[in-house]
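Asks: please find the sequence and the predicted model below.
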Amino acid sequence: MKKFLSIALLALGWAAVGQAQVADPVSWNFSVENIKGLEAELVFKASIDLPWHMYSAHLPEGGPIATRPWYSETDGYELIGDLVEVTKSKRKFDEGFQMELGTFSGRAELRQKVRLNAAGSLSIKGEIEYQVCNDVTCLPPRTQPFSFVLNTADEAARGQRSAGPGTPENQQAAAGDSPAPGNLVQHAGEDAGRAFEAEAGSASVLSEAGAESQSGVAAVPALEDEASLWGFFWLAFGLGLLALLTPCVFPMIPMTVSFFMQGADNKARGFFRGLVFGISIVAIYTALGLLVSISNVGPNAANALSTHWIPNLIFFVLFVVFAFSFFGMFELVLPSSWVNKADSRVQGGGFGGAFFMALTTVLVSFSCTGPIVGALLVEAAGGLALKPILGMFGFGLAFAIPFTLFAMFPSWLKGLPKSGAWLNAVKVVLGFIVLAFSMKFLLALDPTNKVLTRELYLAVWLVVFFLLGMYFLGKIRFSHDSELEHVSVPRLLLAIATFSFVVYLFLGLFGYELKRISPLLPPKSPNGIDLTQRLSAARPPAATPFLAEQAACIPKKHADLFHMPFGLTAFYDLEEGLACAKASGKPVLIDFKGHFCSNCKKMEAGVWSDSRVLALLRNEFVIVALYTDDRTKLPEQDWYVSEVDGREKKTIGQQNIDYEIARFGTNTVPLYVLMDADGKVLNSPKGTDLDVQSYLSWMKEAL
């Protein structure tokens, strides 16, 4: 491979640019705090350059690299409990990995309790592993060496800090204090199958390669994405409006308004009582959200709620119960004593009476609003403390607005539609939707999707929404439904929309992406039916139909370790790929990628899946896929010492990332490079670009 590192002036140009492009957006600081007797806390603090984000310490299986420390073997101490996230990670659905992941932005603080076996001085050494991404690219997983010095015999050791990553002392520690290869102990409670041989000091090496120092990065709190919070608010607001159309609530509107009209001395007094009534409803629901927020305590509470199988099983059962309640199987009601007590206070009149009228309205309507409120609170429980408060505020605001407006302007009641069977139909439709979304919580019970595959998940949704379509046509009736003599035009339109969605879901059973709802679905099953792949594979290559039979174009090296999406053929060694390019006369497309790279998966799902891009990849290019984070150890005769950092490169990933840095001056993935059979770069390399037309134009520049 080294002979390709010296391609005249172009290589020198890339190397010069590369010194400013090698990214290292995280700086670490380690300290010891809270020494009490033989116990202490190891503190890991990270400053993260924006707009990068670092992955949480607690991630589901099959996701990217979690932030975690690895400790050198020693008999002098033991770990107490799990690694605690002091900085709360924000949770967001990742389209690349098709799962909800936690990330840190700006800063992160992690703590691990330890107990020494005996009093005295002890050094705890190891490495902390982490991975960072931004909206455009990801970096391969990295490690930063650490060394904590504990002296339980001397209280002066409290708060003693080890050398920061930018100091000469720490650079020396990177070379000498890191755990020996194969001598790492995994953090207690983590999956032992993820153990690996870390390359000591990789973060500091990249700094030396040209990254700017991150020591001056300001600490920025990790906050949940603003768009996500606002999205949840508007969802809750919409459900609040929908709750008004249920049979427990809608008939109460004129009854409540009549309360404000009776006994009102003047219009102004009635106006303000109506305003107090509305504010009280919002306050009651917001207080409910506050209670849920307070109960969601502890830095790992949100992670446990969203990933642990027990709460997710409970949430699944709750959603099913809510759905059956909407279907009329039973009613969820609060104790009658609560309603009677609140109603007795209403007779007092005044602003206090308006408040208790609001409380009575909330309690009486619970049989219809309870499942909606419960579903919202369950959805909010796995997020930030602000989420249930904001959600209940939005729901209460939407729920209160019509009551308040009609109380202030009673004449508007004339335009209100009459109650009828359509109110129960709204409840039933909500029941079908809640039942479909209950499947989301089953995913946490089977994170690897061995049982709940994408096909099974889609099959359940197909049945649920098919039954919903039949309900719109009046073919299915529940206990509270009246007989439907004819199908109205609105119901017919809703049935058409529902059956269209069923057909859309049906296509997903045969491998179609279903991009509009992909965040709600499990990832594709490796053994599932992929009709798109089979149809593409059935098309013969345009130029050289027997290319795969040419000896030079059959992938050999590492072909048993990796595979490409969409049935594409790729080489996993650059020299093999260039040899095929010479034999076929085609240009090479190098794909620097990673197993744990979210943006790589987004590019494959959003761009490479396009039929035009696939046709070019399959027929016009030789693909060379170079995994920069693969930890497969190579035979000793293939090891070499890097000219970039002077370290020995022993794994496939280490050698691929070393080549990317040396040749192209960057360590980001994905990175796509077009070159000819002699290794000459044909145009500017390309990173993440979800514009299919732009990617096509870039590919065609090499043809």
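Replies: Here it is on my side, so go on. Residues are numbered from 1 along each chain as shown.
Asks: go through the chain and flag its longest helix.
Replies: Longest helix of the chain, by residue count under DSSP state H: helix 267-295.
Asks: name the nearest residue to residue 474, sequence neighbours excluded.
Replies: Leaving aside its sequence neighbours, residue 474 sits nearest to residue 484 (CB to CB, 6 or more residues apart in numbering; 3.5 Å). Placement of C-beta: from N, CA and C, glycine included.
Asks: the one you found falls within a strand, correct?
Replies: No: Residue 484 is assigned coil when assessed by DSSP: H, G, I helix; E, B strand; the rest coil, not a strand.
Asks: test my guess that it contacts residue 477.
Replies: Yes: if you go by CB atoms under 8 Å, residue 484 and residue 477 touch, sitting 7.5 Å apart.
Asks: okay, those two: which has more neighbours?
Replies: Applying other CB atoms under 10 Å to residue 484 and residue 477 shows that residue 484 carries more neighbours, namely 16 against 12.
Asks: check contacts around residue 604.
Replies: Counting by CB atoms under 8 Å, 6 or more residues apart in numbering, residue 604 touches 565, 566.
Asks: tell me, what's touching residue 484 and residue 477 both at once?
Replies: Shared contacts of residue 484 and residue 477, defined by CB under 8 Å, 6+ apart, are absent.
Asks: what about the helices in the stretch 301-450 of the chain?
Replies: Using DSSP state H, counting those that start in this stretch, the helices of the stretch 301-450 of the chain run over 301-307, 309-326, 336-346, 350-364, 366-381, 386-408, 421-437, 439-442.
Asks: need the ones you listed in TSV with mean pLDDT, distance to residue 108 and mean neighbour count, can you?
Replies: As requested, those are exported to TSV (pLDDT from 0 to 100; distance: least, CB to CB, whole Å; neighbours: other CB atoms under 10 Å):
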stretch	mean pLDDT	distance to residue 108	mean neighbour count
helix 301-307	52	14	20
helix 309-326	80	24	18
helix 336-346	59	44	14
helix 350-364	72	40	21
helix 366-381	71	23	22
helix 386-408	82	19	23
helix 421-437	82	31	20
helix 439-442	80	27	20
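Asks: burial check on residue 612, number of neighbours?
Replies: By the criterion of other CB under 10 Å, residue 612 has 12 neighbours.
Asks: which element is it on?
Replies: When elements are assigned from DSSP states H and E, residue 612 belongs to helix 611-619.
Asks: average model confidence for stretch 273-284?
Replies: With pLDDT averaged residue by residue, stretch 273-284 scores 84.
Asks: so where do the strands sit in the stretch 601-703 of the chain?
Replies: Assigned by DSSP state E, counting those that start in this stretch, the strands in the stretch 601-703 of the chain fall at 622-627, 640-641, 648-649, 671-675.
Asks: contact partners for residue 25?
Replies: Shown in contact with residue 25 (CB under 8 Å, 6+ apart): 48, 49, 52, 132, 139, 214.
Asks: dihedrals phi and psi, it?
Replies: phi -80, psi 10 (degrees, to the nearest 10).
Asks: all numbers from here: first residue = 3
Replies: Sure, I'll start counting at 3 from here, so that last one is residue 27.
Asks: from residue 575, how far out is residue 559?
Replies: 4 Å (CB to CB, to the nearest Å).
Asks: these two - which one has more neighbours?
Replies: Ranked by neighbour count (other CB under 10 Å), residue 559 and residue 575 place residue 575 first, with 20 against 14.
Asks: got a list of what that one touches?
Replies: For residue 575, the contacting residues are 559, 560, 626, by CB under 8 Å, 6+ apart.
Asks: do that again at 7 Å, thanks
Replies: Taking CB atoms under 7 Å, 6 or more residues apart in numbering as the criterion, residue 575 is in contact with 559, 560.
Asks: in the host helix or strand of residue 507, what's buried?
Replies: Using DSSP H and E, residue 507 maps to helix 491-510. The neighbour-count check on helix 491-510 (16 or more other CB atoms under 10 Å) flags 493, 496, 497, 500, 501, 503, 504, 507, 510 as buried.
Asks: also stretch 478-490?
Replies: 483, 486.
Asks: ok, residue 557 touching residue 573?
Replies: Yes: using CB atoms under 7 Å, residue 557 makes contact with residue 573 at a distance of 4.9 Å.
Asks: I'd say residue 143 and residue 598 touch.
Replies: Yes: if you go by CB under 7 Å, residue 143 and residue 598 touch, sitting 6.4 Å apart.
Asks: give the residues shared as contacts by the two.
Replies: Common neighbours of residue 143 and residue 598, counting by CB under 7 Å, 6+ apart, are 67, 133, 631.
Asks: and these, which are buried?
Replies: With burial judged by 16+ other CB under 10 Å, the buried subset of the shared contacts of residue 143 and residue 598 is 67, 133, 631.
Asks: looking at the residues you listed, which are in helices?
Replies: Using DSSP H, none of those sit in helices.
Asks: got the residue ranges for the helices in the stretch 3-152 of the chain?
Replies: Here the stretch 3-152 of the chain has its helices, by DSSP H, counting those that start in this stretch, at 10-20.
Asks: in it, where is pLDDT below threshold?
Replies: By pLDDT under 70, the low-scoring segments of the stretch 3-152 of the chain are 3-25, 64, 75-76, 100.
Asks: hmm, try it at 80
Replies: Counting by pLDDT under 80, the stretch 3-152 of the chain has low-confidence residues at 3-26, 36-37, 39, 62-65, 75-77, 94-102, 122, 137-139.
Asks: now the stretch 603-705 of the chain
Replies: 646-647, 668-669.
Asks: repeat the analysis, applying 70 as the threshold.
Replies: In the stretch 603-705 of the chain, no residues with pLDDT under 70.
Asks: ranges for the helices of it?
Replies: Along the stretch 603-705 of the chain, the segments classed as helices by DSSP H, counting those that start in this stretch run 613-621, 654-666, 694-702.
Asks: can I get those in JSON lines with distance to residue 648?
Replies: Shown next, in JSON lines, are those (distance: least, CB to CB, whole Å):
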{"stretch": "helix 613-621", "distance to residue 648": "37"}
{"stretch": "helix 654-666", "distance to residue 648": "11"}
{"stretch": "helix 694-702", "distance to residue 648": "35"}
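Asks: domain boundaries for this structure, per the record?
Replies: Using the TED database, the domain ranges for the chain come out as 28-153, 231-418, 438-514, 550-703.
Asks: and the angle from the longest helix of the chain to helix 388-410?
Replies: Here the directions of helix 269-297 and helix 388-410 differ by 170 degrees (axes from the mean of the first three to the mean of the last three CA atoms, to 10 degrees).
Asks: helices or strands up against helix 269-297?
Replies: Helices and strands touching helix 269-297, by 3 or more CB pairs under 7 Å, 6 or more residues apart in numbering; DSSP states H and E, are helix 254-263, helix 352-366, helix 368-383, helix 388-410.
Asks: and that helix, what's buried?
Replies: 272, 275-288, 290-291, 294-295.
Asks: hey, which of the strands of the stretch 603-705 of the chain is tucked in deepest?
Replies: Greatest average neighbour count among these goes to strand 624-629 (a mean of 24), per mean count of other CB atoms under 10 Å.
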